[in-house]
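Participant: Need the 3D shape of this:
(chains A, B and C)
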Amino acid sequence: MTAAARGRVGDDIARTGVAAVLIVAAIFLLVPLLVTILMAFDSRSYLGPLPPPGFSLRWFVACFSRQTLAVGLRTSLALGILATAISTSAGTAAAIALERGTFPGRTILSALFLSPLIVPPVVIGFALLLALSQAGILNGFVRLLCGHVVITLPYTIRAVSASLAGRDASLTEAALGLGASERQALWTITVPLARTGIMIGAIFAFAVSFDDVSVASFLTDPTTYTLPVALLSAMRANFDLTIAAAAVLLMVATVILIFILDRAVGFDRLVGQGMFRT
Amino acid sequence: MPLALLPAALILGLLLLAPMAGLLVQSFRHFTPGHVGSDVGAPLTLANYRELLNPAIVGLFVETFRISAIATLIGLVVSYPLARCIVRRFSAASRVACIGFLVALILLSMLVRTYAIELAFGSVGMLRPLLRAFGASPNSGWYIQCLVGAGLLHYLIPLSTLMLLGTVQSVDPRLADAAQSLGAPAWRAHLSTTLPLSRPGLIGTFMVGFTFSISAFVIPMVLGNGRILFISNTIYDRFSDIADYPSGAAISVVMLVVSLTAVGILSWLAGRPAVPE
Amino acid sequence: MANSLAFRAVTKRFGSVVAVNNVSFDIASGETVALLGPSGCGKTTILRVIAGFETPDAGSLQIGGVEMAGRRPYERNVGLLFQHYALFPHMTVAQNVGYGLRYRGLPRSEIGPRVSEMLELVKLPGHGGRYPNQLSGGQQQRIALARALATQPSILLLDEPLSALDVKLRQELRAELKDVLATVGSTAIVVTHDHEEAMSLGHRVFVMNQGRIAQSGTPDDIYVRPTSRFVADFMGHANWFTGRRTGPSEYATDCGRILNVVPCTQPSAEQCDLCLRPESIDLLPATIEAGPNRLFGHVADVILTGASRQLIVTLEDGRSILVLQQNRTQLPWTPGQGVVLGFPPEACVLVPRDSS
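Facilitator: Residues are numbered from 1 along each chain as shown, chains lettered A, B, ... in the order given. The predicted structure is shown next:
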């Protein structure tokens, strides 16, 4: 075979190989979700093998009547909204200050602010528990709030930084040159510029807070717990399909969230804005 | 320092740095079994750290890192071609749909994903008859390891793909075209040009995926079936089961040090440019 | 024969857009042809079809008599010079130039000498150890050329080779490029939107518009005898008159003038347009007597551009005419001054009226 012919064969093999890998990956990602959706409507009263013989909404009923899930949901929502509000405000302010500032130690400070992303969440939760206990803060909700503010802060900072990166300096200079004061430039140029970043940061902060298990596991008490913690103990106590119903509901909520994200921001912006930077 | 940094700095200082310092101190305290945590005024000791040298704990670290590294690598191998496809091959509509799907997977609750995998591939799952046909059992050690890896991959693949989109976009597609026009078959063209130039992005993505995997808590807890313990699970056990806070603290400190070292090494590797200055 | 190219009835669509519309042409071995046209006219698509990066929806392509359908880019012996060079930034110059030689089956020991040979050809000997980002734009272009020629391709495709360079450098490299092409003897196709580049590099020029070839011929042919308004406009500035032919050497403009033209058979229709190139118009004093091909007006503006100058003359009916002169003598005309435009019949080019 000539070199070119060998190359051609190699190409064909590579092409089919890659296609195969991608198809397997797509199936792998989709199958568990589809199975869960299917099984959530299973009419049997126990967890049996696929396929379900009939369909019913019994598991959704069971899910709604589970007290712990309802309480957990309420707590998670309140916690999520509050934590998002706090970390979005603090994070936006910090990101703007970091982007525009010229003080020394900016890079170190930047890295420090993003450090909660590297620290294992379990370590964060554990350390916080010890510190808060020592400080005498025993209220479950306050503890959870502290934990969630810490883990959501890096997301808001990163999202806002990404949307400002590079452009803010020259636009602010242009505004100042045209006669705006520093403060006016901030509110008329920088903040609107950061708007998409703020939105993306807030959405991710909420998702992270709502989804967190590791930190919450350390900071809950018997009366205050989040939805994921409630789901986790339900899973460990009795692995049945009530959780499948809850899972389906959460999937629907995520899809709605995605539509909001797309409508508000658009996906190209999301990826291009550096939210998923290395 | 600007005033605007104050709130974030306060949060960081009070809720992260100070607790970390406290954790460090706690790890040196003596623990009396049966008590909750260390007693006030307990003497400082290195016993908690010495305990970590025993093979069970070392084995724990090794297993966590091993499974994490393999899962992250597989994630990269799948994500890179997927990212390339999305950027170069897909039409605008397919691209939006695909990215939307991947972002949805990322935002979807970790618990839901883990539960779904356990339901689909776990001991009562779909693959049971298939495995039985090969004489294997869904409860065997190696299968559980694969299951944990699968759980990690379900998050790693969307995350890595989204991160690699930027990397793929930054490499000029004309370079691979040029290589092909010079006679290199497509796969060699990409190996010579696209891949080396993607190196910093690939290493960075590996770093993010790896740190996520070694810190995993829910995935090994649910899918590991008690047989696979990651470091996070052991810390939690020290805390909840035997209330040995100092020991938990010691493991946490070591884990943090190892994580930061790994991040440091990978950052340095990623920082070396693909193109000589 | 070995390096000839036959393009037959090739059509290529992207979605609903027809980028290349039933195009056919032949290029002889050793010839250099320029594909000239505005962006979106299909010239880059034709280049990519020849290189093998796009598969035509219809038609065939033969290089050296061999059908290229189904052949991947690396199976064709075609060299490519990209618009922004596409040099591999992570490889040295020597590695870049030698890249294709590995796959063409050249033994290891011969790659080094061939690379040196190519670097000599482009006048950059000894640069093998450098990296592309250490080179200037002009040097990068030469290396890209060396890389494309190293594998001795049958056809060399150049995509806007000079557009990324500044003006001075452009002229320098244009001459060198012609030299190299002549030395190597490859068949070359240059794609460009710059008519100067096309005319100076190509033995023949194909002017393209909206996926079709509007006119093909030698540069002189196309400039002096354009067959459509589009081609005439694209090749340089043109002053236009509309009207009709009223005799074998007479043309009546719509604004009421009679001009003398050279007798010709094309265009065949009576209704046609008349094009007057700026450089073929003389400026005569206003006191001169009236006569054929003499138009009265006054100078509206004078623009100096260095070696030449442009004058905008407004005729009695308000129409503007651009005149191009060499900047040899002191300019006797000032804005506002009356002037007569004179031109020989040979300067009038008749062109079919656009039916669109």
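
Participant: What distance do you get for the residue nearest to residue A:99 when sequence neighbours are not counted to chain C?
Facilitator: Excluding the flanking residues, the one nearest residue A:99 by Cβ to Cβ, 6 or more residues apart in numbering or on different chains is residue A:164, at 4.6 Å. The C-beta positions use only the backbone N, C-alpha and C, and glycine is treated the same way. As judged by Cβ to the nearest Cβ, to the nearest Å, residue A:164 and chain C stand 29 Å apart.

Participant: Need the phi and psi values for residue A:164.
Facilitator: phi -90, psi -20 (degrees, to the nearest 10).

Participant: ok now do it, which residues does it touch?
Facilitator: Residues in contact with residue A:164 (Cβ atoms under 8 Å, 6 or more residues apart in numbering or on different chains) are A:95, A:96, A:99, A:190, A:193, A:194, A:197.

Participant: Just the ones of those in helices?
Facilitator: Those of the contacts of residue A:164 mapping onto helices are A:95, A:96, A:99, A:193, A:197, per DSSP state H.

Participant: Check what pLDDT residue B:144 gets.
Facilitator: pLDDT recorded at residue B:144 is 88.

Participant: hmm, the helix or strand where it lies touching chain C?
Facilitator: Applying DSSP states H and E as the criterion places residue B:144 in helix B:141-170. No: using Cβ under 8 Å from any Cβ of the partner chain, helix B:141-170 stays clear of chain C, with a minimum separation of 11.6 Å.

Participant: again, but for stretch B:198-217
Facilitator: No: between stretch B:198-217 and chain C, judged by Cβ under 8 Å from any Cβ, nothing touches; the nearest distance is 9.0 Å.

Participant: pLDDT on that stretch, on average?
Facilitator: For stretch B:198-217, mean pLDDT rounds to 91.

Participant: Just the CA trace of it, in PDB.
Facilitator: The C-alpha trace of stretch B:198-217 is given here as PDB (Å, rounded to 0.1, in the frame of the first residue of the first chain):
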ATOM      1  CA  SER B 198      -4.300  22.300  22.600                       C
ATOM      2  CA  ARG B 199      -2.000  21.100  25.300                       C
ATOM      3  CA  PRO B 200      -2.400  23.900  27.800                       C
ATOM      4  CA  GLY B 201      -6.200  23.700  27.500                       C
ATOM      5  CA  LEU B 202      -6.200  19.900  27.900                       C
ATOM      6  CA  ILE B 203      -4.000  20.100  31.000                       C
ATOM      7  CA  GLY B 204      -6.100  22.800  32.500                       C
ATOM      8  CA  THR B 205      -9.300  20.800  31.900                       C
ATOM      9  CA  PHE B 206      -7.700  17.700  33.400                       C
ATOM     10  CA  MET B 207      -6.800  19.700  36.500                       C
ATOM     11  CA  VAL B 208     -10.400  20.900  37.000                       C
ATOM     12  CA  GLY B 209     -11.800  17.500  36.400                       C
ATOM     13  CA  PHE B 210      -9.200  15.800  38.600                       C
ATOM     14  CA  THR B 211      -9.800  18.100  41.600                       C
ATOM     15  CA  PHE B 212     -13.500  17.600  41.200                       C
ATOM     16  CA  SER B 213     -13.100  13.800  41.200                       C
ATOM     17  CA  ILE B 214     -10.900  13.500  44.200                       C
ATOM     18  CA  SER B 215     -13.200  15.700  46.200                       C
ATOM     19  CA  ALA B 216     -16.300  13.600  45.300                       C
ATOM     20  CA  PHE B 217     -18.600  12.800  48.100                       C
END
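
Participant: What are the buried residues along that stretch?
Facilitator: Buried residues in stretch B:198-217, counted by 16 or more other Cβ atoms under 10 Å in any protein chain shown: B:198-217.

Participant: same thing with stretch B:136-156?
Facilitator: Buried, per 16+ other Cβ under 10 Å, within stretch B:136-156: B:138, B:143-156.

Participant: swap in stretch A:11-23?
Facilitator: Applying 16+ other Cβ under 10 Å to stretch A:11-23 flags A:11, A:14, A:18 as buried.

Participant: So which of these belong to helices?
Facilitator: If you go by DSSP H, the buried residues of stretch A:11-23 have A:11, A:14, A:18 in helices.

Participant: filter these by proximity to chain B?
Facilitator: Restricting these to those near chain B by Cβ under 8 Å from any Cβ leaves A:11, A:14, A:18.

Participant: from these, which is closest to residue B:187?
Facilitator: Distance to residue B:187 across those (Cβ to Cβ) is lowest for residue A:14, with 4.0 Å.

Participant: Quickly note the distance from that closest one to chain C.
Facilitator: Counting by Cβ to the nearest Cβ, the gap from residue A:14 to chain C is 12 Å.

Participant: got it, and residue B:262?
Facilitator: Distance from residue B:262 to chain C, by Cβ to the nearest Cβ: 26 Å.

Participant: burial count for that residue?
Facilitator: Neighbour count of residue B:262, defined by other Cβ atoms under 10 Å in any protein chain shown: 18.

Participant: just residue B:84 next, same as before
Facilitator: 22.

Participant: Let me see the contact set for it.
Facilitator: Taking Cβ under 8 Å, 6+ apart as the criterion, residue B:84 is in contact with B:168, B:194.

Participant: Please point out which parts of stretch A:40-59 sit buried.
Facilitator: A:40, A:41, A:42, A:52, A:58, A:59.

Participant: cool, and stretch C:314-334?
Facilitator: Within stretch C:314-334, the residues that count as buried by 16+ other Cβ under 10 Å are C:321, C:322, C:323, C:324, C:325, C:333.

Participant: Per-residue pLDDT of the residue in the stretch 51-200 of chain B positioned nearest to chain A, please?
Facilitator: Of all residues in the stretch 51-200 of chain B, residue B:185 sits closest to chain A, at 2.9 Å by Cβ to the nearest Cβ. pLDDT for residue B:185: 88.

Participant: and what of residue A:273?
Facilitator: 53.

Participant: what does residue A:178 give?
Facilitator: 79.

Participant: That one - how many residues pack around it?
Facilitator: Residue A:178 has 8 neighbours, counted by other Cβ under 10 Å.

Participant: Relative to residue A:102, how far out is it?
Facilitator: Using Cβ to Cβ, to the nearest Å, residue A:178 is found at 22 Å from residue A:102.

Participant: So which elements touch the helix holding residue B:144?
Facilitator: Helices and strands touching helix B:141-170, by 3 or more Cβ pairs under 8 Å, 6 or more residues apart in numbering or on different chains; DSSP states H and E, are helix A:3-40, helix A:267-272, helix B:55-84, helix B:92-107, helix B:110-121, helix B:199-214, helix B:218-223.

Participant: Perfect, that will be all.
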